[in-house]
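> return a 3D structure for these sequence lines:
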Amino acid sequence: MNTKTKISLLILMGFLTITSCGKKETAPVEESTEINETATEGVQPAATVENVLLIEGNDQMQFNTNELKAVAGKPIKLTLKHVGKIPKEAMGHNLVILQEGTDQSAFALKANEAKATDYIPESEKASVIAHTKLLGGGEEDTIEFTIDKKGSYPFICSFPGHVAMMKGVLIVE
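Numbers count the residues shown, from 1 in each chain. Predicted coordinates for the structure are as follows:
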């Protein structure tokens, strides 16, 4: 890591330390919502069950939950909202769902050098199940994907330095 990158990370960490000590944003949260359509008179049941998930990232470098749940083999619609105000150049957030067994720290180290691809390293594409785009304050992104195999899939924010606090698990049952 070059000196410029080290200094930038040091400044960012100092800034984050100062800003994270204030009032924490709180908002009602839908951790995960599973939509189950049932037949009622005159209405046909939905053809599939869809997993609709919402997660938020804030300017204190936090996700509002560290656990998401979904049903295996059904489409997953995941929305990441950056509820902060800081632009993505200083406080960008994404959500990267990784394959089971992926070394999160090793992935994050490689991601630090992948600014051109929104901190998703090309060399690690096989480890990535799905990811949102990099977001700044006030932005959101929705992705759709399916995981057929039951298991626990780690998710992280791959913006430099964020993996320490912004990580969790997607449990597919």
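> in contact with residue 76, which residues?
Taking CB atoms under 8 Å, 6 or more residues apart in numbering as the criterion, residue 76 is in contact with 50-51, 53, 70, 144-147. Every C-beta, even on glycine, is put in place using the N, C-alpha and C of the backbone.
> separate out the buried members of these.
50-51, 53, 70, 147 (16 or more other CB atoms under 10 Å).
> between these, which is closest to residue 99?
Comparing the buried ones among the contacts of residue 76 against residue 99 with CB to CB picks out residue 147 as the nearest, at 9.9 Å.
> which strand residues bridge the residue nearest to that closest one when sequence neighbours are not counted?
Nearest residue to residue 147, sequence neighbours excluded (CB to CB, 6 or more residues apart in numbering): residue 172, at 4.9 Å. Beta-bridge partners recorded for residue 172 (DSSP bridges): residue 70, residue 151.
> residue contacts, residue 172?
If you count contacts by CB under 8 Å, 6+ apart, residue 172 has them with 69-72, 147, 149-153.
> what pLDDT does it get?
Note for residue 172: predicted pLDDT of 97.
> what do you get for residue 114?
96.
> residues in contact with residue 158?
Listed by CB under 8 Å, 6+ apart, the contact set of residue 158 reads 94, 96, 107-108, 111, 114, 119-120, 131.
> most neighbours among those, which one?
Among the contacts of residue 158, residue 96 has the most neighbours (other CB atoms under 10 Å), with 27 neighbours.
> hang on, isn't it packed against residue 128?
Yes - using CB atoms under 8 Å, residue 96 is in contact with residue 128, at 6.0 Å.
> okay then, goodbye and thanks.
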